[in-house]
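**Q** sequence and predicted structure below; questions after.
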Amino acid sequence: MGAIGLEGRKIGILGIGREGQSVRKYLRAMYPGIELHLISESSPDRSFSQALHDQEQLLIGPLSGMGLDQYDLLIRSPGISPYRKSIQQAKSAGVEITSPSNLWFASHPDAKTICVTGTKGNSTTSALIAHALASCGYRVRLAGNIGLPLLACEDRNVDWWVIELSSYQLVDLVAAPTASVILNLSADHLDWHGGEQAYRRDKLRLATLAAGSILVANAADVVLKIALSDFPDVTWFNTPSGIHTEGSGILDGASALPVVLPEGLPGRHSLANTAAALTVFRAIGADIDTA
């Protein structure tokens, strides 16, 4: 959903960290008179409480005691799991649950986006892609789970958005990325997701969202290779015919690429992340030689 038709609705923002605060600022700019309930399980800094707008109410305490089922719309920060009982009960009661990422994608339907996820290497690969795009003359924003929250970014004069997405952001994401990248898949954040099966499903949601667009994935990750076996038109890196790592270098098929990694990116995993970034470049039609 976008920031439309919000007047007269009872709206709660779950969490007042950097994502929650970006939602607050975004909605306040869109609707100066809108009433917002800011819901936090821990007390914020005193300066935050003192800066509240007249139309804002700060509620502190366990989510289970907040009467979440009385709201029309709840915007959850990524750190708050939608699998929690209080949120599931609110959803069953008809409350609309969304996220800061959903607000951004709904209000930027024409943005050219490269979304990156995986259990490891997300930040490095996102930064590599953004740096290479900028070096090729594109105007780039690097955001999401790295850098600024999406809603806090200046959104004018941008050619490409490079967005790192965690499983916390993917779990209920509604988006249509221009290109999507999945680096690897192993067990992580199991308590938040409620188990390994749910974690994998939520991580692989990016592949589902990529239907009809570019999906780049790591053929060297056996778990990922199996998980995506039924997905058509996957562009694989780390295949002998594609861009892949070999020894201490990167090859494009049988041809070595003149890639020299900086000292701050040691190890084979950095080579794999670079192979992923270059594969994305080729898939979107950017100049791979310059990259």
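**A** Here it is on my side, so go on. Since the model is a prediction, treat every value here as computed from it, not as a measurement. Numbers count the residues shown, from 1 in each chain.
**Q** so what does residue 36 have for phi and psi?
**A** Taking degrees, to the nearest 10, you get phi -130, psi 140 for the backbone angles of residue 36.
**Q** tell me what it is bridged to.
**A** Taking DSSP bridges, one finds residue 11, residue 56 as the beta-bridge partners of residue 36.
**Q** mind listing the helices for the stretch 151-291 of the chain?
**A** 167-170, 190-193, 196-203, 205-209, 222-227, 268-284 (DSSP state H, counting those that start in this stretch).
**Q** could I have the fourth one exported to CSV, CA atoms only?
**A** To tie it back to what came earlier, the one meant is helix 205-209. C-alpha atoms of helix 205-209 as CSV (Å, rounded to 0.1, in the frame of the first residue of the first chain):
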residue,chain,number,x,y,z
ARG,A,205,10.3,-14.8,-1.3
LEU,A,206,12.7,-12.5,-3.3
ALA,A,207,12.7,-15.2,-6.0
THR,A,208,8.9,-15.2,-6.1
LEU,A,209,8.8,-11.4,-6.4
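**Q** distance between stretch 151-167 and the chain's centre?
**A** 10 Å (C-alpha atoms, centre = their mean, to the nearest Å).
**Q** buried stuff in that stretch?
**A** By neighbour count on 16 or more other C-beta atoms under 10 Å, the buried set for stretch 151-167 is 151-153, 158, 160-167. C-beta coordinates here come from the backbone N, C-alpha and C atoms, glycine included.
**Q** ends of that stretch, how far apart?
**A** 18 Å (C-alpha to C-alpha, to the nearest Å).
**Q** and it, average pLDDT?
**A** Taken as a whole, stretch 151-167 carries a mean pLDDT of 94.
**Q** cool, and stretch 130-138?
**A** Stretch 130-138 comes out at a mean pLDDT of 94.
**Q** got a list of contacts for it?
**A** 140-142, 159-160, 162, 277-278, 281, 286-287, 290-291 (C-beta atoms under 8 Å, 6 or more residues apart in numbering).
**Q** equivalent analysis for stretch 34-51, please.
**A** 6-7, 10-16, 20, 24, 27-28, 52-53, 55-63, 66, 71.
**Q** repeat for stretch 263-275
**A** 120-121, 124-125, 128, 183, 218, 220, 237-238, 243-245, 248-250, 259, 261.
**Q** gap between the nearest residue to residue 26 once chain neighbours are set aside and residue 225?
**A** Nearest residue to residue 26, sequence neighbours excluded (C-beta to C-beta, 6 or more residues apart in numbering): residue 151, at 4.4 Å. Note on residue 151: its distance to residue 225, by C-beta to C-beta, to the nearest Å, is 35 Å.
**Q** cool, residue 199 as well?
**A** From residue 199 to residue 225 the distance is 18 Å (C-beta to C-beta).
**Q** show me which of those two is the more surrounded one.
**A** residue 199 (22 against 17; other C-beta atoms under 10 Å).
**Q** dump the residue contacts of residue 122.
**A** Neighbours of residue 122 in contact, by C-beta under 8 Å, 6+ apart: 116, 145-146, 164-166, 183.
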